[in-house]
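In: what would the 3D arrangement of this be:
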Amino acid sequence: MKGLLIENLTAGLESKVILSDLNLFVPDGEVHALMGPNGHGKSTLANVLMGHPSYTVSSGSVFLDGESLLDLEVSERARRGLFLAFQYPAEIPGVTVSKFLKRIADLRREPPKNASAFLAELKQNLAFLEIDPSFVNRYLNEGFSGGEKKRMEILQLLTLKPRFAIFDETDSGLDVDALKIVAAGINRMRGQGFSALVITHYRRLLDLVRPDAVHILERGRIAASGGFELVELLEKDGYDGVRRLTGTAREAVYAS
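Out: Have a look, this model is predicted:
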């Protein structure tokens with residue numbers, strides 16, 4: 001089965017259970033949105049998927065293209081094509097953007113044939129994301145604005161060409177121009193061999209990155225799944241509007 005499959009996942013931080021019997025499937029070639037109130041487990045899910053050592057999985061399973069991920073170290077998950085875009089990207093003094101990108105390009109599933117091929121690809125991606133070429137000689141994210149850091153993450157996305165990407169509130173704090181660039185980078189990756197989970201609170205990113213499905217995470221589990229109508233309902237009536245669904249509407253939208 002191609003895609004990311006989460007089955008009955010229960011996980012938390014130290015002794016606190018945050019995710020409870022969570023089930024989710026993101027098929028190959030699809031981009032899904034994950035929304036939900038603050039503190040209900042969205043970022044926890046991102047960290048658990050990536051293998052953050054502070055989080056403990058007590059039960060359940062996670063598969064990427066049929067291969068179990070939970071027993072793998074963070075680096076091994078990354079080598080299998082898992083990518084996480086952080087809400088607050090870290091600065092890495094002493095490592096230039098160009099050296100960092102060259103290293104991750106060499107480690108991807110299909111690395112560039114040679115240095116010339118890498119440089120040509122990098123030049124194309126910089127132009128597409130409207131990033132000044134001089135940035136590649138700077139230390140990664142050091143002194144960068146919030147929008148510049150987010151563009152750098154999308155540049156990493158286009159360089160790494162991951163199998164599955166998780167965007168943890170990548171739209172947080174972005175102005176309109178930066179948001180459009182981030183969305184363009186995500187849309188450029190869409191297609192067979194790539195899937196993504198976009199974690200967000202806001203419609204503005206989803207208007208640009210139209211998701212194939214939308215999921216609501218509440219109290220540590222998927223409370224509702226549907227199409228873009230869920231985003232519109234949230235914008236109109238908030239999470240109370242989703243909770244008030246009844247009858248056939250509830251059966252159509254709420255996950256079993």
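
In: when you work out contacts or count neighbours from here on, use the C-alpha atoms and nothing else.
Out: Will do.

In: next one: stretch 155-169 to chain centre, how far?
Out: Distance of stretch 155-169 from the chain centroid (CA atoms, centre = their mean, to the nearest Å) equals 7 Å.

In: dump the C-alpha coordinates for that stretch into CSV.
Out: Presented in CSV, the C-alpha positions along stretch 155-169 are these (Å, rounded to 0.1, in the frame of the first residue of the first chain):
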residue,chain,number,x,y,z
LEU,A,155,14.4,25.1,-0.9
GLN,A,156,15.5,22.1,1.2
LEU,A,157,12.3,20.3,0.2
LEU,A,158,12.9,20.8,-3.5
THR,A,159,16.6,19.7,-3.1
LEU,A,160,15.9,16.6,-1.0
LYS,A,161,12.8,15.5,-3.0
PRO,A,162,11.3,13.5,-0.1
ARG,A,163,8.8,10.7,-0.3
PHE,A,164,6.6,12.2,2.4
ALA,A,165,6.7,15.7,3.8
ILE,A,166,5.1,17.1,7.1
PHE,A,167,4.6,20.8,7.2
ASP,A,168,4.1,21.8,10.9
GLU,A,169,2.5,25.3,10.7
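
In: hmm, who's touching it?
Out: Defining contact as CA atoms under 8 Å, 6 or more residues apart in numbering, one finds that stretch 155-169 is touched by 4, 43, 46, 80-87, 101, 104-105, 108, 121-122, 125-126, 129, 185, 189, 193-201.

In: switch the cut-off to 7 Å
Out: Residues from elsewhere that reach stretch 155-169 (CA atoms under 7 Å, 6 or more residues apart in numbering): 43, 46, 81-87, 101, 104-105, 108, 125, 193-200.

In: tell me which element the most centrally placed residue in the chain is part of?
Out: Centroid-nearest residue in the chain: Ile166, 1.6 Å away (criterion: CA atoms, centre = their mean). Per DSSP states H and E: Ile166 is located in strand 164-168.

In: circling back to that earlier point, quick one: which of the contacts of stretch 155-169 sit in helices?
Out: Using DSSP state H, the subset of these located in helices is 43, 46, 101, 104-105, 125.

In: look up how far Leu107 lies from Leu119.
Out: As judged by CA to CA, to the nearest Å, Leu119 and Leu107 stand 16 Å apart.

In: same check on Gly146?
Out: Distance, Gly146 to Leu107, by CA to CA: 27 Å.

In: which one of those two is surrounded by more residues?
Out: Neighbour count, other CA atoms under 10 Å: between Gly146 and Leu107, Gly146 has more, with 18 against 14.

In: quick check on the more buried one: phi, psi?
Out: The phi/psi pair for Gly146 (degrees, to the nearest 10) reads phi -60, psi -40.

In: contacts only, for it.
Out: Neighbours of Gly146 in contact, by CA under 7 Å, 6+ apart: none.
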